[in-house]
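1. Build me a model from this:
(one chain, ligands or ions: 2)
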Amino acid sequence: METAKNRGGATSAPTGGWTALIDDIVAGRWTNPETGKPAVVPYESIVIAESLEGREAELVSSLGLGDTFTVVADKATWDAMGARVARALEKLGPVKTIILDHPHADMATIALVTEKLKGAEGVVAVGSGTINDLVKYVTGLDGRRYCVFATAASMNGYTSTTASITLDSGLKVSLPSHAPAGFFVDLSVSAAAPTYLSAAGFADCLVRSVAQIDWWLSHRLFGTLYSDAPYIIQAEDEIALNRNAAGIGSGDIGAHGYLYRVLTECGLGVSFTGMSNHGSMGEHQISHYIDCFAGDRHPGTLHGQQVGVGVLTMGRLQRHYLNSAAAPKLNATKISFDGMVRRMGPSIARQCFDEIQPKIFNDKAIGALNEKIADLWPVLREELKSFVVPVDEMTRLLKAAGGPTTARELGLPVDFYREAVVHSREMRNRYSFLDIAADAGILEDFASEEI
Ligand SMILES: NC(=O)C1=CN([C@@H]2O[C@H](COP(=O)(O)OP(=O)(O)OC[C@H]3O[C@@H](n4cnc5c(N)ncnc54)[C@H](OP(=O)(O)O)[C@@H]3O)[C@@H](O)[C@H]2O)C=CC1
Ligand SMILES: O=C(CO)COP(=O)(O)O
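-> Ligands and ions are numbered 1, 2, ... in the order given. Sure thing, here's the model as predicted:
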């Protein structure tokens, strides 16, 4: 196995260690400024350390999951850490292993894992996004507590209470699930993983500014739920992480410490609101569209890699609007159901068309919305500008972390990427600048410049 570069790293942990603040949130000592009350979150133990070698059994045993254990991994994550965790758990009791073959977080695999985990007591996931979502979702079905050892800093779902699952129809959705009782990070393992994995996780963090802009826009226009709490807890760490972007690409352990802090905080944010919107808006819809509809054209890229390219696209689109003192002016929504059927197939198209009805506006409704936007725009524009990280800066950061910045770099046909930009808004009822641009009639022209 590749060893971590820069062992020890040039970047030191914040005062209080890698879980400073996170410990307070988990212990109920952190007061949410929005409510004035201590936040209550469903986690028992979150440990992030430069090494967990020798501590695996103690960490799992502290959760009291049971007397027998089942470790779930895939081939790569078994090699990276699963074998080590399974060996360590033998001290505590009998250990079974389930090694999945290139798993996907879809309904067929959920059925398989449900069957394999029947009667299992102490369920221990060792892996990244797909392994964690599978184990999270399956154990969530009967409320069985589980824990996860992270093998890659590739996405922010470890601590979220939602699972991103592909339904039998082929549509990827965000389903309510539960939190891991224990989340354990050995930074040396993730820093030694192939760097494209960490760059993907960095991109999942870079989302903050574009998602906050979309989410606030939706809140101001339609009164949809918005919360600052997820952003408040990660604000300082986002600065430290961006300062260490180059360390992500070079496998620096300290840089990975900050990366995991932001990934973890983003997941904790989901447990405040029960939804992933603060870190999943227009840019995630572009990535989900790629996963659902690229078919043979999918280059095998990771969620976070696609999200990173989506972030830059959204940054350019939002810049177009925020640079203008003139309020956006929208026309009645034109979404062709037949077009959706052609692109998505009849079953997904039906499901999505029903889902997006609240953001389909006729002439009368768009007139009222235009008046509201015109009224709000001078103030709303300034509010939105306060969330911006300039797109040139985000591009520089993503490059420094080693992530792809264009569809071409992803290895995705550019025509298909443009289709994703234009049509991904048809997937979910989350209102973003993709909807503004589409209803303003400029989205196709904008997308035609994306490469
Ligand atoms: N629930 C939530 O809130 C969230 C869920 N997600 C979901 O997570 C999934 C993406 O997860 P992601 O982690 O990016 O990718 P995956 O888990 O799909 O795949 C990553 C792959 O990288 C390989 N790998 C992992 N760790 C190591 C290591 N240490 N050394 C070598 N190889 C390693 C593994 O092997 P292999 O070679 O076998 O592929 C692994 O399967 C998506 O389905 C996404 O939608 C994303 C964000 C949030
Ligand atoms: O991927 C996510 C955050 O990175 C959340 O995904 P969903 O949009 O599926 O909830």
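
2. Next one: Ser218 from Lys364, what distance?
-> Using C-beta to C-beta, to the nearest Å, we find Ser218 at a distance of 21 Å from Lys364. For glycine as for every other residue, the C-beta is placed from the backbone atoms N, C-alpha and C.

3. Give me the next element, helix or strand, following the helix or strand where Arg418 lies.
-> Using DSSP states H and E, the secondary-structure element containing Arg418 is helix 414-423. Helices and strands here follow DSSP H and E; after helix 414-423, the next one along the chain is helix 433-439.

4. what helices or strands is that next one leaning on?
-> The helices and strands touching helix 433-439, judged by 3 or more C-beta pairs under 8 Å, 6 or more residues apart in numbering; DSSP states H and E, are helix 208-222, helix 282-293, helix 303-322, helix 443-448.

5. so, in contact with ligand 2 or not, the second one?
-> Yes: contact between helix 282-293 and ligand 2 is present through His284 (criterion: C-beta under 6 Å from any ligand atom).

6. list the helices and strands that helix packs on?
-> Here helix 282-293 touches strand 172-176, helix 208-222, helix 303-322, helix 337-344, helix 414-423, helix 433-439, going by 3+ C-beta pairs under 8 Å, 6+ apart.

7. among these, which is nearest Glu53?
-> helix 303-322 (26.5 Å; C-beta to C-beta).

8. Between helix 208-222 and the closest one, find me the angle.
-> Interaxial angle of helix 303-322 relative to helix 208-222 (axes from the mean of the first three to the mean of the last three C-alpha atoms, to 10 degrees): 60 degrees.

9. Show me what from this protein comes close to ligand 1.
-> By C-beta under 6 Å from any ligand atom, the part of the chain that sits against ligand 1 consists of 74-77, 80, 102, 105, 128-130, 133, 151-152, 154-157, 160, 162-164, 189, 193-194, 197, 200, 276, 302-304.

10. want to throw the helices and strands packed on helix 433-439 into JSON lines with distance to Phe433, mean neighbour count and mean pLDDT?
-> As requested, the helices and strands packed on helix 433-439 are exported to JSON lines (distance: least, C-beta to C-beta, whole Å; neighbours: other C-beta atoms under 10 Å; pLDDT from 0 to 100):
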{"stretch": "helix 208-222", "distance to Phe433": "6", "mean neighbour count": "23", "mean pLDDT": "98"}
{"stretch": "helix 282-293", "distance to Phe433": "6", "mean neighbour count": "26", "mean pLDDT": "97"}
{"stretch": "helix 303-322", "distance to Phe433": "5", "mean neighbour count": "25", "mean pLDDT": "98"}
{"stretch": "helix 443-448", "distance to Phe433": "9", "mean neighbour count": "16", "mean pLDDT": "98"}
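
11. and Ile373, which of those helices is closest to it?
-> helix 208-222 (6.9 Å).

12. immediately after the closest one, which helix or strand?
-> Downstream of helix 208-222, the first helix or strand assigned by DSSP H and E is helix 229-243.

13. for whichever helix or strand comes after that next one, the distance to its chain's centre please.
-> Under the assignment DSSP H and E, the closest C-terminal helix or strand after helix 229-243 is helix 245-249. Distance of helix 245-249 from its chain centroid, counting by C-alpha atoms, centre = their mean, to the nearest Å, is 19 Å.

14. how many neighbours does the closest residue to Leu443 other than its chain neighbours have?
-> In space, and not counting its chain neighbours, Leu443 is closest to Ala437: 4.1 Å by C-beta to C-beta, 6 or more residues apart in numbering. Using other C-beta atoms under 10 Å, Ala437 has 25 other residues around it.

15. list the contacts for Ala437?
-> 317, 320-321, 443, 446 (C-beta atoms under 8 Å, 6 or more residues apart in numbering).

16. what would those residues look like in CSV with distance to Thr97?
-> CSV is the format used below for the contacts of Ala437 (distance: C-beta to C-beta, whole Å):
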residue, distance to Thr97
Leu317, 46
His320, 51
Tyr321, 51
Leu443, 48
Phe446, 49
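
17. Pick the one among the residues you listed closest to Ala349.
-> Set against Ala349, the nearest of the contacts of Ala437 by C-beta to C-beta is Leu443 (19.0 Å).

18. where does Trp377 land in three-state SS?
-> Of the three states, Trp377 takes helix according to DSSP: H, G, I helix; E, B strand; the rest coil.

19. who touches it in this structure?
-> By C-beta under 8 Å, 6+ apart, Trp377 lies in contact with 326-328.

20. thinking again about what came up before, looking at the residues of the chain next to ligand 1, which are in helices?
-> 75-77, 129-130, 133, 189, 197, 200, 303-304 (DSSP state H).

21. Quickly note the distance from whichever residue of the chain sits closest to ligand 1 to Gly201.
-> Scanning the chain for the residue nearest ligand 1 gives Gly129, at 1.9 Å (criterion: C-beta to the nearest ligand atom). As judged by C-beta to C-beta, Gly129 and Gly201 stand 9 Å apart.

22. cool, and Leu167?
-> 25 Å.

23. Could you check which of these two has the larger neighbour count?
-> Legend: neighbour count by other C-beta under 10 Å for Leu167 and Gly201, higher for Gly201 (32 against 15).

24. low-scoring stretches of the stretch 1-150 of the chain, by residue?
-> The stretch 1-150 of the chain contains residues with pLDDT under 70 at 1-10.

25. one step back: of the contacts of Trp377, which belong to strands?
-> Judged by DSSP state E, strands contain none of these.

26. so which pair among the contacts of Ala437 is furthest apart in space?
-> Maximum pairwise distance among those (C-beta to C-beta): 11.8 Å, between Tyr321 and Leu443.

27. residue contacts, Gly143?
-> Contacts of Gly143 were listed using C-beta under 8 Å, 6+ apart, and they are His178.

28. err, Pro176, not the other one
-> So Pro176 contacts 161-162, 274 (C-beta under 8 Å, 6+ apart).

29. Write the PyMOL selection for whichever of those residues are buried.
-> Filtering those down to the buried ones (16 or more other C-beta atoms under 10 Å) takes a single PyMOL command:
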select buried, resi 161+162
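
30. So how do I select the buried members of the ones in helices among the residues of the chain next to ligand 1 in PyMOL?
-> To isolate the buried ones among those in PyMOL, judged by 16+ other C-beta under 10 Å, type:
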select buried, resi 76+77+129+130+133+189+197+200+303+304
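
31. Now distance to Ile253 too, for the ones in helices among the residues of the chain next to ligand 1, in CSV please.
-> Compiled in CSV, those are given as follows (distance: C-beta to C-beta, whole Å):
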residue, distance to Ile253
Lys75, 25
Ala76, 20
Thr77, 19
Gly129, 21
Thr130, 24
Asp133, 26
Val189, 10
Leu197, 15
Ala200, 18
His303, 24
Gly304, 20
